[in-house]
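J.: Structure for this input, please:
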Amino acid sequence: MNIMKKAGVTIAGVIASLTLFTSTAYAAEYTVARNDSLYKIGTLFDTTVDALITDNKLTSTTIYPGQVLDVPSSIYTVKRGDTLFLIAGRYGITLTSLRKANHKWDNLIIPGQKLLIPQGKAFDSSTPATPPSKAVIPYTEAEVDLLARLISAETRGEAYEAMVGVGAVVINRVQSPDWPSSISTVINHVAGGYYQFTPVENGTIRNAPTDDSVKAAWEALYGSDPSNGALFYFDDSSTNQWIWSKPQTARIDSMIFAK
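T.: Alright, predicted model coming up:
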């Protein structure tokens, strides 16, 4: 049975690159913030106060806001589709630590931007739990691209949460014993002569993904599921009674998710 979706999807294209680029820096530069101390900075970058004093030729433990210190850290170059949450997850560090190391308290990052990757932890009792350090299912870069293109084709004009939900449906099918066991086989699955996903049938799956759809694909891979375990999704304009008969798990904008 085809998953129902609004017609008229057109998105232009080139294939997104999702390659991770990181370089090891033995002396990355950290800018001291208000209320910092050498102990807190050492904790964040997994080094000692004595090492910071030696590496920076300090004569005391006194530091001041705006001062630039050399710290042991890797440097990551932001790529298309990245989010702070996903970067933190890939490196197995807390989002708070990543924010603190870069004084980055909003969510805006742009391709080409350099971020410090601390190997310690933020000296903060409210630090949240470490985000997942790996995806919930195996994947290849080509499959991430395929998932992002499906999301892009299926969710034009929908909320970002709905985009993640579409990605989650594919992930849920991969995890279900009733469906194929990989992203590519789930998306390209044909049952009883029917394509499971309309963009595969009409060719819009070949169009390039939007930046948001790439981010949504990564979030779904790392376990985000606003669909609440759904195995199907459809547009609320659908007149197909079979799909409407499925138990609904979530409604986001005009998209309905069901089991």
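
J.: contact partners of stretch 160-174?
T.: Under the contact criterion C-beta atoms under 8 Å, 6 or more residues apart in numbering, stretch 160-174 has outside partners 136-137, 147, 150-151, 154-155, 179-183, 186-187, 212-213, 215-217, 219-221, 224-227, 229-233, 250, 252-253, 255, 257. From N, CA and C alone the C-beta is placed, and that goes for glycine too.

J.: how far out from the middle of the chain is that stretch?
T.: Here the centre of stretch 160-174 is set off from its chain's centre by 12 Å, with C-alpha atoms, centre = their mean, to the nearest Å.

J.: List the contacts of the residue lying farthest from the centre of the chain.
T.: Largest separation from the mean C-alpha position in the chain: residue 59, at 42.8 Å (C-alpha atoms, centre = their mean). Residues near residue 59 by C-beta under 8 Å, 6+ apart: none.

J.: Check which residues of stretch 181-190 are buried.
T.: Residues of stretch 181-190 classed as buried: 183-184, 186-187 (neighbour count, 16 or more other C-beta atoms under 10 Å).

J.: Show me what the helix or strand hosting residue 152 is packed up against.
T.: Using DSSP states H and E, residue 152 sits within helix 141-154. If you count contacts as 3 or more C-beta pairs under 8 Å, 6 or more residues apart in numbering; DSSP states H and E, helix 141-154 packs onto helix 160-175, helix 183-187, helix 198-202, helix 211-221.

J.: Now render these as a markdown table, adding mean pLDDT and distance to residue 41.
T.: As requested, those are exported to a markdown table (pLDDT from 0 to 100; distance: least, C-beta to C-beta, whole Å):
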| stretch | mean pLDDT | distance to residue 41 |
| --- | --- | --- |
| helix 160-175 | 95 | 35 |
| helix 183-187 | 97 | 41 |
| helix 198-202 | 95 | 49 |
| helix 211-221 | 86 | 30 |
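
J.: Residue 27: which of those helices is closest?
T.: When the helices and strands packed on helix 141-154 are compared by C-beta to C-beta, helix 211-221 sits nearest residue 27, at 30.5 Å.
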